[in-house]
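Enquirer: this is a predicted model, with the sequence first.
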Amino acid sequence: MVSAASRNGVCIQPHFPHQSLNAQLLRMLLVQVVSFVALTMPFSAWGVYAGVSLNWSKSQWRRELEALLSVCFTFLVYVNNGLSCIVYALTARLFRQELRALFNCRWRRFLRHQQHGNIFLLSQRVAPVPARKMQSKQINNYP
């Protein structure tokens, strides 16, 4: 354990929360960069291969295999775009705590509006017509 240092009679504590935050941010950044490179590199390499082999004669089987690989590599790029939130939640305790607090706040707000009967309330400024008013109108015009 690191003890506190003393300068000019003032006790100086080590900045563990600050160091912990920096470590979490560094871990998030490194995992994000590695996942970006790993998930987008095949698509980039595929683009180079497709450009080089554009005028080559290919069998039907090879064209179908290339089409499948193209779809798979494109899918990996989309996975990379959706992976950021999951990477942050897995690598940083502070992000998990804030995400949990956000969901708890939204859930409490949802429950509070459920008690008042506003099931479609989106925010404080924008609110669709409550369900009770919609039931009084004729929704279907079918015979």
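Expert: Perfect, I can see it now.
Enquirer: what are the buried residues along stretch 44-56?
Expert: By neighbour count on 16 or more other CB atoms under 10 Å, the buried set for stretch 44-56 is Trp46. C-beta: built from backbone N, CA, C; applies to glycine.
Enquirer: average pLDDT for that stretch?
Expert: For stretch 44-56, mean pLDDT rounds to 92.
Enquirer: what are the contacting residues of it?
Expert: Stretch 44-56 is contacted from outside by 66, 69-70, 73, using CB atoms under 8 Å, 6 or more residues apart in numbering.
Enquirer: mind listing which of the residues you listed are in strands?
Expert: Using DSSP state E, no member of those sits in strands.
Enquirer: inside helices: which ones of those residues?
Expert: With helices taken from DSSP state H, the overlap with the contacts of stretch 44-56 comprises 66, 69-70, 73.
Enquirer: please pick the buried ones from these.
Expert: When the ones in helices among the contacts of stretch 44-56 are checked for burial by 16+ other CB under 10 Å, the buried set is Phe73.
Enquirer: out of the ones in helices among the contacts of stretch 44-56, who's nearest Ser20?
Expert: Nearest to Ser20 among these, counting by CB to CB, is Phe73 at 37.4 Å.
Enquirer: wait, that closest one sits on Phe43?
Expert: Yes: using CB atoms under 8 Å, Phe73 is in contact with Phe43, at 4.3 Å.
Enquirer: before we move on, back to that, tabulate the contacts of stretch 44-56 in JSON lines, adding columns for pLDDT.
Expert: Shown next, in JSON lines, are those (pLDDT from 0 to 100):
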{"residue": "Glu66", "pLDDT": "94"}
{"residue": "Leu69", "pLDDT": "95"}
{"residue": "Ser70", "pLDDT": "95"}
{"residue": "Phe73", "pLDDT": "96"}
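Enquirer: from these, which is closest to Phe36?
Expert: Nearest to Phe36 among these, with distances taken as CB to CB, is Phe73, at 14.2 Å.
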